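S.K.: One predicted model, sequence on top.
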Amino acid sequence: MLPDSDIVLRLISDPMYLQHHRGLTHSLLMLPLWSWLIFSLSSRQVKQNPAMPKLIGLALLLHIALDVITTYGTMLLAPVSDKRFSVDLVFIIDPLFSACLLIPLLAGFIWKQYARRLSIISFALAFSYLLLAYSNQQQAIELTRKAYPDAIAYHALPMAFSPFNWQLIAEYPDYYVRAAVNLKPDFPGLRPLFDPTFVTTLLSTRISAPDQIQWQQLPAMHTVNHVDQLPGTAFYAWFTRFPVLLKQDKDAIDFGDLAFGAGAPGVHAAFQLHIDLPGSNASSQPRAWLIWRNNRKSELKQTTTPFNWLPANDTEKTP
């Protein structure tokens, strides 16, 4: 769990946490350093085991790999690059995938004579789940491609409660088209275990069967005039994958990220960027706020991108 020690940055500020979470502590380049640090702080008994340095490194590598398969994004090459890698196979928290790993391993504590076999079963189930997720992802991308054959890129992001729930995204130069689909409407997944209101906040009131997809079009963040002159927008555009304009009037502008639920009907997005405009009071300045799902606000004062690690000609944030 050492890679997630960066959560302490939240005690400093929410923007600081967003900037560095899944950064240096999740870097493949820094992995030898973290492995050495854990081993050097271990007990004498641990140090006497010659296999321990490799096992510690593999444990950290497994944590990093399990993060990469989610939608959040992980800076694998920090501090050389701040590029975020994400394979988009499982939702940020997927109890079904976790069960594939944990249930056989926990059973090994009860039936110790079968512990090795149960460990193998654990990894086999997890790998099979990822194969299913990949198959579903490609099916979701194909649905998007058929609906919008002239788009410049296609994405399918996993959603909560079932490996068959996917967000479809067709990307155009100045806007995105999105939808939510359940590839197997008869499979309820984990939805019956949760309150319907909670389910809606993570999925949508508009998740459809493959033959009844309802699409939405949202303008890209960069289409707002002089957006680069507004506070917080450089940071938000750096962190987000699909930044879109949600609302604009004379008093305020709201931006969101499709990857975190923004724009989907009924969904309370994980966080949005809200900018208060000066309005008629020319002496005041715009102020930027991160609005979290629980309506908590964090002022975002940063006016530039956090790092300068990327080469000048590299604008990609995900593979």
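M.R.: Yes, it's here. Quantities reported herein were computed from a predicted structural model and do not represent experimental measurements.

S.K.: Could you verify that V181 is part of a strand?
M.R.: Yes - assessed by DSSP: H, G, I helix; E, B strand; the rest coil, V181 belongs to a strand.

S.K.: does the nearest residue to T205 once chain neighbours are set aside count as helix, strand or coil?
M.R.: Nearest residue to T205, sequence neighbours excluded (C-beta to C-beta, 6 or more residues apart in numbering): G266, at 3.5 Å. For glycine as for every other residue, the C-beta is placed from the backbone atoms N, C-alpha and C. For G266, the assignment made with three-state DSSP gives coil.

S.K.: who's in contact with G266?
M.R.: T200, T201, L203, S204, T205, R206 (C-beta atoms under 8 Å, 6 or more residues apart in numbering).

S.K.: From D67, how far off is the spatially closest residue to D6 that is not a sequence neighbour?
M.R.: With sequence-adjacent residues excluded and distances taken as C-beta to C-beta, 6+ apart, D6 is closest to T25, at 4.8 Å. Separation of T25 from D67 (C-beta to C-beta, to the nearest Å): 10 Å.

S.K.: Name the residues contacting each of the two.
M.R.: By C-beta under 8 Å, 6+ apart, the residues touching both T25 and D67 are P3.

S.K.: higher neighbour count, the two?
M.R.: Neighbour count, other C-beta atoms under 10 Å: between T25 and D67, T25 has more, with 22 against 19.

S.K.: returning to what we had before: distance check, the residue nearest to T205 against D257.
M.R.: 17 Å.

S.K.: on that earlier part again, just the pLDDT at the residue nearest to T205, thanks.
M.R.: What the model reports for G266 is a pLDDT of 89.

S.K.: on that earlier part again, as a markdown table, the contacts of G266 with secondary structure would be great.
M.R.: As requested, those are exported to a markdown table (three-state DSSP):
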| residue | secondary structure |
| --- | --- |
| T200 | helix |
| T201 | helix |
| L203 | coil |
| S204 | coil |
| T205 | coil |
| R206 | coil |
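
S.K.: Need the max-distance pair from the residues you listed.
M.R.: Within the contacts of G266, T201 and R206 form the most distant pair, 13.4 Å apart (C-beta to C-beta).

S.K.: one step back: please pick the buried ones from the contacts of G266.
M.R.: T200, T201, L203, S204 (16 or more other C-beta atoms under 10 Å).

S.K.: Good, wrapping up.
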